[in-house]
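J.: no FASTA, just this:
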């Protein structure tokens, strides 16, 4: 049985990014199945890890009996790891700079861990 691959892009990225296109081209050359979902699902303002994981799970659920390998970049790597913890259909992970401990690292970089409480809103330019 052939493994199907899912590429998960990073935060504020998408399926049309250069990295996603390179993966798409290389997998097509190798005749390997690759799905590249839009983890933002057209709604960046309401983007959540829960919604991203649900999207990946729905792709897996559409193909019962299929084995999967997840490729994740940055926040997509974090989503891949979280999804793999609960899905027996996932045989392999390839994680590129996964976004583990994203919030605590962001708070530290912004100095919030020492100076402030977490604000209600964090504006991110993208």
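T.: Noted; the coordinates are in hand. Just so you know, these numbers come straight off a predicted model, no measurement behind them.
J.: Leaving out the residues flanking it, which one is nearest to residue 23?
T.: Leaving aside its chain neighbours, residue 23 sits nearest to residue 7 (5.0 Å; criterion: CB to CB, 6 or more residues apart in numbering). For every residue, glycine as well, the C-beta is placed using N, CA and C.
J.: The helix or strand hosting that neighbour: partners in the sheet, and parallel or antiparallel?
T.: Using DSSP states H and E, residue 7 falls within strand 4-8. Here strand 4-8 is paired, per DSSP bridges, with strand 34-35 (parallel), strand 68-73 (parallel).
J.: I'd like these as TSV, with mean pLDDT, distance to residue 62 and mean neighbour count appended.
T.: Shown next, in TSV, are the strands paired with strand 4-8 (pLDDT from 0 to 100; distance: least, CB to CB, whole Å; neighbours: other CB atoms under 10 Å):
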stretch	mean pLDDT	distance to residue 62	mean neighbour count
strand 34-35	98	10	18
strand 68-73	98	11	23
